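# pasting the structure only:
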């Protein structure tokens, strides 16, 4: 088991007062070597701590005095100190298998770790879940968790995961629900595989065996040009419409059975089928915002000024755990930058799906253009703004006039970088980074007061 490094110490915190420093290797807390940041949090809640660290080759024991439950005030390099539990499924629809070569190594890591599910909302199939894991989840109340279901028919699920344990691992879902652990489910729908009659059967299975699920996200298959699976293909317009019809019909049934809609179709389905998005109340609090469900409707409400604060994204449990680093969807996006000169014409850079949402909102603004960016880096049917990369933005901006304002949503950045490793500074024209919500875009478009 590797030991985490301390990467930051909050000024004035107990850790700072005790002399802990960035670069210290955290070995043990009160004699125990924690295996992840979850156990770490439990240990640092104690008021009297003995922290064993390695600093420059020297082993030190540092005493810390603090109030019980007071944050220690450090951030460590990773959330999991022992080995991340990697995924042993071989799903043909896995997007990581569809990434091009040459990207940073962390993007190719496939995890199936319930701890990362709890901390960051990563979806787990439960095929590597064990009795000991269940005991820990129940004992430490690690809730909510996020589970990839895909199909409730054992043979279909096993085939989709390409793992025979896929046929039986949903028994753990039943055990979690029996223990009153909150669980959010997900179905990645692949045309000709688990749509149509199989999707209908899955809804029946959820109603019959897993009605306590908090939510079920129904999302379409994403295919990049780098995929190698022959039978997978994008949804047709008719298939997208049929999926919406199935989910909306089941929402009515779930309202009668459990008192809530439970299952929700991704925004992408409504774009594919050229149908209007449901009204805001239909999303029952926008709990699936990060899964691209209700994101469009919430953006419209934000831009229209119907809410006072952005509806999403969700904060994530990691923010309440002292030391947990922000990763994935919740990683720092990049500094929001707005230039003071606001009289120039404006173009909003966005993915092809985002353009369909923005165009009607900005139709009456002659001074604002929507600039769709085709995603050639990934290709296929990838059109979400969050997967835009510098290479495609460079291509589009190369043909644009200088002196205009180019607004770029921060959702396509992680730690100030695009997925292809480039940065906004690598683009041929300066861009202004804007938080990805309707309120922020509206504020960026407002004229400067005289």
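In hand now; what should we look at? Please read these numbers as outputs of a predicted model, since none were measured by experiment. Numbering: from 1, shown residues only.

# Could you chop this protein up by domain?
Listed domain ranges for the chain are 6-76, 95-320, 331-445 (source: automatic domain parsing).

# Find the nearest non-adjacent residue to residue 154, please.
residue 167 (3.7 Å; Cβ to Cβ, 6 or more residues apart in numbering). C-beta here means a position set from N, CA and C on the backbone, and glycine is covered the same way.

# on that earlier part again, can I get the domains of the chain in JSON lines with mean pLDDT?
Listed next are these as JSON lines, based on pLDDT from 0 to 100:
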{"stretch": "domain 6-76", "mean pLDDT": "93"}
{"stretch": "domain 95-320", "mean pLDDT": "93"}
{"stretch": "domain 331-445", "mean pLDDT": "91"}
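
# could these be laid out in JSON lines, adding mean neighbour count?
As requested, the domains of the chain are exported to JSON lines (neighbours: other Cβ atoms under 10 Å):
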{"stretch": "domain 6-76", "mean neighbour count": "16"}
{"stretch": "domain 95-320", "mean neighbour count": "18"}
{"stretch": "domain 331-445", "mean neighbour count": "18"}
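
# Tell me where the protein has strands.
Here the chain has its strands, by DSSP state E, at 6-9, 25-29, 48-55, 58-65, 74-76, 145-148, 183-189, 215-220, 263-265, 346-351, 368-373, 405-409, 432-434.

# Just checking: what are the partner strands of the last one?
When you say that, I think you mean strand 432-434. Within its sheet, strand 432-434 is paired with strand 405-409 (parallel), according to DSSP bridges.

# if we can go back for a sec, I figured the residue nearest to residue 154 hits residue 158, correct?
Yes - using Cβ atoms under 8 Å, residue 167 is in contact with residue 158, at 4.0 Å.

# Mind jotting down where the helices sit in the stretch 251-400 of the chain?
Ranges of helices within the stretch 251-400 of the chain are 267-273, 295-303, 352-361, 390-397, based on DSSP state H, counting those that start in this stretch.

# Make CSV out of those helices and add distance to residue 286.
Shown next, in CSV, are the helices of the stretch 251-400 of the chain (distance: least, Cβ to Cβ, whole Å):
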stretch, distance to residue 286
helix 267-273, 11
helix 295-303, 5
helix 352-361, 15
helix 390-397, 28
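
# Of all the ones you listed, which one is nearest residue 37?
helix 295-303 (28.3 Å; Cβ to Cβ).

# for the closest one, packing partners?
helix 267-273, helix 352-361, helix 438-445 (3 or more Cβ pairs under 8 Å, 6 or more residues apart in numbering; DSSP states H and E).

# Contacts for the first one, please.
To tie it back to what came earlier, the one meant is helix 267-273. For helix 267-273, the external contacting residues (Cβ atoms under 8 Å, 6 or more residues apart in numbering) are 218-220, 235, 237, 240-241, 243-244, 276-278, 292-297, 353, 356-357, 383-384.

# What of stretch 163-175?
Contact with stretch 163-175 is made by 88-90, 125-127, 129, 134, 147, 149, 152, 154-155, 157-160, 183, 185, 209-210, as judged by Cβ under 8 Å, 6+ apart.

# what do you get for stretch 194-210?
Stretch 194-210 has contacts (Cβ under 8 Å, 6+ apart) with 149-153, 156, 160, 170, 173-174, 177, 185, 187, 189, 213, 216, 218, 235, 239, 242-243, 246-247, 250, 253-254, 257, 262-263.

# Tell me the gap between that stretch and the middle of its chain.
25 Å (Cα atoms, centre = their mean, to the nearest Å).

# and if you look at stretch 180-187?
Relative to its chain's centre, stretch 180-187 lies at 15 Å (Cα atoms, centre = their mean).

# Can you say which of the strands of the chain is nearest to residue 420?
Among these, the nearest to residue 420 by Cβ to Cβ is strand 368-373 (13.0 Å).

# contact partners of that closest one?
Contacts of strand 368-373 (Cβ under 8 Å, 6+ apart): 345-352, 354-355, 358-359, 362, 388, 392-393, 396, 400, 406, 445.

# Report the separation between the residue nearest to residue 304 when sequence neighbours are not counted and residue 345.
Once flanking residues are discounted, residue 304 sits nearest to residue 438: 7.3 Å by Cβ to Cβ, 6+ apart. Between residue 438 and residue 345 the computed distance is 21 Å (Cβ to Cβ, to the nearest Å).

# same thing with residue 399?
15 Å.

# Then residue 248?
Residue 248 sits 41 Å away from residue 345, taking Cβ to Cβ as the criterion.

# One more: residue 204?
Counting by Cβ to Cβ, the gap from residue 204 to residue 345 is 54 Å.

# closest to residue 57 out of the helices and strands packed on helix 295-303?
Comparing those by Cβ to Cβ, helix 438-445 comes nearest, at 47.0 Å.

# May I see the helices and strands packed on helix 295-303 organised as CSV, with distance to residue 104 added?
Compiled in CSV, the helices and strands packed on helix 295-303 are given as follows (distance: least, Cβ to Cβ, whole Å):
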stretch, distance to residue 104
helix 267-273, 26
helix 352-361, 25
helix 438-445, 28
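
# Go through the ones you listed and name the closest to residue 302.
helix 438-445 (2.9 Å).

# elements contacting that closest one?
Against helix 438-445 (3+ Cβ pairs under 8 Å, 6+ apart) you get helix 295-303, strand 432-434.

# can you redo those as a markdown table with distance to residue 310?
Listed next are the helices and strands packed on helix 438-445 as a markdown table, based on distance: least, Cβ to Cβ, whole Å:
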| stretch | distance to residue 310 |
| --- | --- |
| helix 295-303 | 6 |
| strand 432-434 | 12 |
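
# Roughly how far does the closest residue to residue 47 other than its chain neighbours sit from residue 44?
Spatially, and ignoring its direct neighbours in sequence, residue 47 is nearest to residue 68 (4.5 Å; Cβ to Cβ, 6+ apart). Separation of residue 68 from residue 44 (Cβ to Cβ): 10 Å.
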